[in-house]
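Colleague: have a look at this fold, sequence not included:
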């Protein structure tokens with residue numbers, strides 16, 4: 001529901017306090033959600049992963065901006081030694097979300113996917129006074145995102161259901177004969193491999 005603030009049916013009209021469902025209700029929900037999370041001592045990419053596990057990011061950049069700003073403030077407040085400012089965490093957080101999308105979106109051709117070198121280049125000068133974050137730090141984030149993409153539990157469950165349905169379909173005796181598809185399951189598997 002984060003990202004659908006004005007359209008929500010249960011948000012009451014003007015003049016109602018945000019805590020009681022009035023305008024600004026979803027911003028209050030965001031603040032309470034962020035304040036309930038503890039990022040102390042957690043790696044940056046794992047903290048984003050934890051943060052995003054509870055909801056789906058909206059598609060609108062302005063709303064993502066507001067959400068990631070709250071994340072960056074909280075992460076920086078709980079990990080004073082990681083970033084010199086919340087602005088650095090905010091910029092890197094956005095960059096990490098773009099990296100995750102770029103690396104794991106099947107519509108992006110392999111030759112167009114972001115490389116470690118381009119990820120480091122994209123994050124040059126984002127620290128205080130135009131400084132760079134350590135390459136080892138950025139390399140760790142890149143490798144973490146590459147090997148373990150962000151995903152929602154509901155997305156994981158949908159993938160598992162899809163896989164189970166496909167396996168059931170492929171192993172079904174009903175679909176075994178060549179009359180239904182023109183080839184048997186075994187012939188289709190041989191053609192595939």
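Modeller: Looks like it arrived, so ask away. These numbers were taken from a predicted model, which means no experiment stands behind them. Numbering: from 1, shown residues only.
Colleague: of all residues in this structure, which one is nearest the centre?
Modeller: residue 150 (4.4 Å; CA atoms, centre = their mean).
Colleague: list the contacts of it.
Modeller: 48-49, 52, 97, 100 (CB atoms under 8 Å, 6 or more residues apart in numbering). All C-beta atoms are positioned from the backbone trio N, CA, C, and that covers glycine.
Colleague: how about CSV for these, with distance to residue 73 added?
Modeller: Formatted as CSV, these follow (distance: CB to CB, whole Å):
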residue, distance to residue 73
48, 14
49, 18
52, 16
97, 16
100, 21
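Colleague: and these, which two are the farthest apart?
Modeller: With distances taken as CB to CB, the most widely separated pair in these is 49 and 97, at 10.8 Å.
Colleague: just to revisit the earlier point, for the contacts of residue 150, pick the one with the most neighbours.
Modeller: Neighbour counts for these peak at residue 48, which has 26 neighbours (criterion: other CB atoms under 10 Å).
Colleague: shouldn't it be in contact with residue 74?
Modeller: No: proximity of residue 48 to residue 74 does not meet the contact threshold set by CB atoms under 8 Å, at 11.3 Å.
Colleague: re the thing from before, against residue 128, how distant is the residue nearest to the centre of the chain?
Modeller: As judged by CB to CB, to the nearest Å, residue 150 and residue 128 stand 27 Å apart.
Colleague: now swap in residue 78 and tell me
Modeller: On the measure of CB to CB, residue 78 and residue 128 end up 19 Å apart.
Colleague: of those two, which one has the most company?
Modeller: The neighbour comparison of residue 78 against residue 128 (other CB under 10 Å) goes to residue 78, with 15 against 10.
Colleague: isn't the more buried one up against residue 44?
Modeller: No: here residue 78 lies out of contact with residue 44, judged by CB under 8 Å, at a distance of 11.5 Å.
Colleague: what is the nearest of the contacts of residue 150 to residue 82?
Modeller: For those, the nearest to residue 82 is residue 48 (12.6 Å; CB to CB).
Colleague: and the closest one, how far from residue 72?
Modeller: From residue 48 to residue 72 the distance is 10 Å (CB to CB).
Colleague: what touches both of those two?
Modeller: With CB under 8 Å, 6+ apart as the test, residue 48 and residue 72 both reach residue 93.
Colleague: worst-scoring helix or strand of the chain, pLDDT-wise?
Modeller: Confidence across the helices and strands of the chain bottoms out at helix 178-181, with a mean of 51, counting by mean pLDDT, DSSP states H and E.
Colleague: can you read off the backbone torsions of residue 55?
Modeller: Main-chain dihedrals, residue 55, degrees, to the nearest 10: phi -160, psi 170.
Colleague: over to the one 5 residues further on?
Modeller: The phi/psi pair for residue 60 (degrees, to the nearest 10) reads phi -80, psi 130.
Colleague: good, wrapping up.
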